[in-house]
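**Student:** Pasting the sequence and the predicted coordinates here, then a few questions.
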Amino acid sequence: MMLRYALRTVRDRKAGFLGAFLALMCAAALITACGTLLDTGLRGTIRTERYAAAPVVVSGDQYVHQTTVKHKKGKTKVKHKAKPIAERAWLSERLRTRLARLPGVARVVPELTFLAQPLAPAGTGGRTAYGHAWDSAALTPYRLVTGSAPRADGDLVIDGDLAARARLRPGDRLTVQSTQAPRSYRITGIAAPAAVVRHQTSLFFTAAEARRLAAHPGQVSAFGVLPARGVDPERVRDAVAQALRGTTAQVSTGAARGPVEFLDAAAARTRLVSMGGAMGGTSLLVAVLVVVGTFALTVQQRHRELALLRALAATPGQIRALLGREALIIGVAAGTAGALLGLPLGGWLHSRFVALGALPATLEHTVSVFPPLAALAATLLGAWAAARIASRRIARIRPTEALAEARTERTRPAWGRIAAGLLLLAGGVVLVVVLTSLRTEPASTPVTFLAVVVLSTSVALLGPLLVKTAALLLAGPLRLTGHGGRLATANLRGNAARMASVVTPLTLLVGMTCTVLFVQSTLGDAARSQARAGVRADWVVAAQEPGVPGEAAGRLRARHDTVTEVVRTTVHVGLDKYPAQGVTPAGLTHTWDPQVTAGSLDRLGLHTIAVSQLAADQHHLKPGSTLKLTLGDGTPATLTVAAVYARGLGFGDFTFAHDLIAHHVDNPLASSVLVSTTRTQTQLATTLREFPGLRILSPADADALQADRQQMNAEVNYLAMGLVLAFTAIAVVNTLAMSVAERVREFALLRLAGATRRQVLRMLRTEALSVLFLATSLGSGIALAVLTAFSVGMTGRAAPSVTPLLYVTVVGVAGLLALVASSVPGRAALRVRAVTVATAKE
């Protein structure tokens, strides 16, 4: 019976339920899109290319591990955790002999993979370029289509894609920038793969030249194990795994070979899980807040109808059941539509992340039924819970009071709602206080957005009280605007709950947008400020890709310049990841000042390390302390702390000697070279004329270049939260339109009382601007509190970086949304004849 009535109600009141449908549909689409990213991180396919003809691949362990043993109540619990390392882990070449002796193995092919960037006018077409020894061409396999294999160290075989794009053929010369100085090679052949290779450019050298360029003597990137004819690859895999037991080598077959070949895609999985989870969690919190507010407004608009049902002997349980079933009906329709829309939205989001460089193209977007089903379930649960929350008061009033309650908005304070709002406000304050003590970005970012949502939720609960307070404060200024201002004041006071439903999404929009925009600038500007203060060099040598060769730095040293090479990497202490760098110790204090607070950089060498104050505090370090860590390629190291410095945000948390780090990174070329000299920019450029692609920059120009890179990285975060902000903006328009559309009778009575259309619209604009003022004040206050706490924790300064023009733009867009969303339905409502509306409603 109640389900039939709910179906008829939804059918007959389509316009009234449209706002709730739109809110739920957008929420489902948002959750589905974020879910597809999370699913891609968990199960995304990484297809093998170069290892297509190698059924079994042996590689190094690409993870750092931590095992903890806990004894509790006589039971022993062993927990094992692992995190991916930043660089390629290498294997000992001596394992080849052990593998070749195994039964069923026909051939073991050693693989060397290293940086090799062709300096061709056509480039690599967006593909990453790698160098290999020609012997490993059998792993794909590549076959020569033109020319011959490389025989001398100056010979080179290129793949067919590069040859076609750059119009190269055997006999031509090609300059390659690898791990050493750029060198010109003679192209002896062009090879084409038997399998499809879409995501990489392959250059093949002689075995001796490949070993020199790989710069890992006695080590290889991987082994390809080729079974004998008729032997089951799984049988060979088991034999290989048994033979390598006790070593750090990993054995991969089938789909597991892809992550071994494309290490960046494997690492991106972990990053995407974190990103998708954070986006999905924030989206869910925002969706719940918006949907609850929308349903509350829907129930409020039906107050007279529901009160009449109470007067006709409907029980509170029946009212709740009716609203719950209506919500489920709308939830099914909106959730299904939103889930279907979320699938292409997730694909678009993935493609944008790939275009921005946040994800490699080798990690394929995964589409499955799980994200849509999860979104549908979340939508149904959210709709049902929102309807139950919104129906509490109307279901609990006595039948004799029902019709009286329906005529006017409740004037008694809702003490339960106020108590809940104050409790959430206290929780938000606690989160802000906690944020001041968080000093790492992975720890502070989730708390930052959670604090915004919690404080915005407290605004939603305290909304009626805040609106009434604002009405008192604005009463004087609004009177000066004439009759429209006085009517707007009366509406703010008499319909505080309705106005509060509009304030909440506007507050969330302003607060969340300002936080998203200015968190990145706060952190980035503080890092750049430290870097500017710490660079003492006269000039900075930079390269677009892939870096500055060591030979270029040596050429500068030969001219008696003080030169500091900087190589970037990431290291682990336990499972904690830290940005790190390697710098040339000689003459370091002439070019670089990280503001040493203890110890001395003069003691920096192959067995020592300098650490930031943050890392020192986290691990209780001081000069002379011993630190155990894992370098970028998984190599364990134990070093002595030589110095502690304050400018860790600008220079990273760990600083090593350059020669130590350069042997444990995939790209040993310097990201930049700091030069202290009396020579001019032109003279330096003349010295480095043999090295193409290098730029001589002043520290100010280098800082501007870093600002551009910072902006590119920020775009990824803007995109990540852009969908949440777009959903919030839609909620603003939706709620405002719903709020205005229900006031047709009110506008008709004003018209009959003598008000003109212009006066009614002016009243609407005044109300919208008043609500905008309140929401902007609250949203800006929330953002300022959260950003200040974030700045204190991350930079040590209570001064977030806010761009005034950007802030004004945010407020302007919010104001435009508010005015358009109120005036458009207002004009539509005023087109109906006042007498007709008044008569119909009586």
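**Tutor:** Perfect, I can see it now.
**Student:** And the pLDDT at Ala239?
**Tutor:** Confidence at Ala239, expressed as pLDDT, is 93.
**Student:** ok, it - contacts?
**Tutor:** When the contact criterion is Cβ atoms under 8 Å, 6 or more residues apart in numbering, the partners of Ala239 are 102-105. C-betas here are computed from N, CA, C, even on glycine.
**Student:** give me that answer again for 10 Å
**Tutor:** With contact taken as Cβ atoms under 10 Å, 6 or more residues apart in numbering, Ala239 is in contact with 56, 99, 102-105, 225, 227, 231, 251.
**Student:** Quick one, which of the residues you listed are buried?
**Tutor:** Buried members of the contacts of Ala239, counted by 16 or more other Cβ atoms under 10 Å: 56, 99, 104-105, 225, 227, 231, 251.
**Student:** mind giving me a markdown table with the residues you listed and columns for distance to Arg310, pLDDT and secondary structure?
**Tutor:** Below are the buried ones among the contacts of Ala239 laid out as a markdown table (distance: Cβ to Cβ, whole Å; pLDDT from 0 to 100; DSSP: H, G, I helix; E, B strand; the rest coil):
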| residue | distance to Arg310 | pLDDT | secondary structure |
| --- | --- | --- | --- |
| Val56 | 73 | 94 | strand |
| Leu99 | 80 | 93 | helix |
| Gly104 | 80 | 91 | coil |
| Val105 | 81 | 92 | strand |
| Val225 | 77 | 94 | strand |
| Pro227 | 78 | 93 | strand |
| Val231 | 79 | 90 | coil |
| Val251 | 70 | 93 | strand |
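**Student:** Tell me how far the nearest residue to Leu830 once chain neighbours are set aside lies from Ile696.
**Tutor:** Take Leu830 and drop its neighbours on the chain: the residue closest to it by Cβ to Cβ, 6 or more residues apart in numbering is Arg757, 5.1 Å away. Distance of Arg757 to Ile696, computed by Cβ to Cβ, to the nearest Å: 67 Å.
**Student:** what about these two, which has more around it?
**Tutor:** Ile696 (21 against 14; other Cβ atoms under 10 Å).
**Student:** got the buried residues for stretch 574-588?
**Tutor:** 576-585, 588.
**Student:** quick one: which of the residues you listed sit in helices?
**Tutor:** Leu588 (DSSP state H).
**Student:** ok, so of the buried residues of stretch 574-588, who is nearest Ala149?
**Tutor:** Each of these was checked against Ala149 using Cβ to Cβ; the closest is Gly582, at 36.4 Å.
**Student:** Could you save the contacts of Ala239 as a markdown table and add columns showing distance to Ala385?
**Tutor:** Formatted as a markdown table, the contacts of Ala239 follow (distance: Cβ to Cβ, whole Å):
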| residue | distance to Ala385 |
| --- | --- |
| Val56 | 52 |
| Leu99 | 59 |
| Leu102 | 60 |
| Pro103 | 62 |
| Gly104 | 60 |
| Val105 | 60 |
| Val225 | 55 |
| Pro227 | 57 |
| Val231 | 59 |
| Val251 | 49 |
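**Student:** got the residue ranges for the strands in the stretch 251-400 of the chain?
**Tutor:** Counting by DSSP state E, counting those that start in this stretch, the stretch 251-400 of the chain has no strands to list.
**Student:** Okay, now the unreliable bits of it?
**Tutor:** 300-304, 313, 392-400 (pLDDT under 70).
**Student:** got a list of what the nearest residue to Pro371 once chain neighbours are set aside touches?
**Tutor:** Using Cβ to Cβ, 6+ apart and skipping the chain neighbours, the partner closest in space to Pro371 is Gly35 (2.9 Å). Counting by Cβ under 10 Å, 6+ apart, Gly35 makes contact with 276-277, 279-280, 283, 339, 342-343, 346, 368, 370-375, 378.
**Student:** next one: Val64
**Tutor:** So Val64 contacts 81-86, 89, 571-577, 629-631, 634, 636 (Cβ under 10 Å, 6+ apart).
**Student:** In helices, which of these fall?
**Tutor:** Per DSSP H, the contacts of Val64 never map to helices.
**Student:** now the helices: where do they sit in the stretch 701-842 of the chain?
**Tutor:** Using DSSP state H, counting those that start in this stretch, the helices found in the stretch 701-842 of the chain span residues 744-752, 757-795, 804-830, 834-841.
**Student:** Of all these, which one is nearest Ala702?
**Tutor:** Closest among the helices of the stretch 701-842 of the chain, once you apply Cβ to Cβ, is helix 757-795, at 21.0 Å.
**Student:** Next, the angle helix 804-830 makes with the closest one.
**Tutor:** Angle, helix 757-795 to helix 804-830, by axes from the mean of the first three to the mean of the last three Cα atoms, to 10 degrees: 150 degrees.
**Student:** which ones are touching Val196?
**Tutor:** With Cβ under 10 Å, 6+ apart, Val196 has these contacts: 47, 49, 52, 140.
**Student:** did I read that right, the third one in a helix?
**Tutor:** Right, the one you point to is Ala52. No. Counting by DSSP: H, G, I helix; E, B strand; the rest coil, Ala52 is not found in a helix; it is coil.
**Student:** In contact with it, which residues?
**Tutor:** Counting by Cβ under 10 Å, 6+ apart, Ala52 has contacts 139-141, 193-197, 257, 261.
**Student:** Recalculate using a threshold of 7 Å.
**Tutor:** Ala52 makes contact with 140, 195, according to Cβ atoms under 7 Å, 6 or more residues apart in numbering.
**Student:** What separation is there between it and Val225?
**Tutor:** From Ala52 to Val225 the distance is 14 Å (Cβ to Cβ).
**Student:** ranking the helices of the stretch 701-842 of the chain by burial, who's on top?
**Tutor:** helix 757-795 (a mean of 22; mean count of other Cβ atoms under 10 Å).
**Student:** which secondary structure elements does that helix contact?
**Tutor:** With contacts taken as 3 or more Cβ pairs under 7 Å, 6 or more residues apart in numbering; DSSP states H and E, helix 757-795 sits against helix 415-435, helix 441-479, helix 483-494, helix 496-534, helix 804-830.
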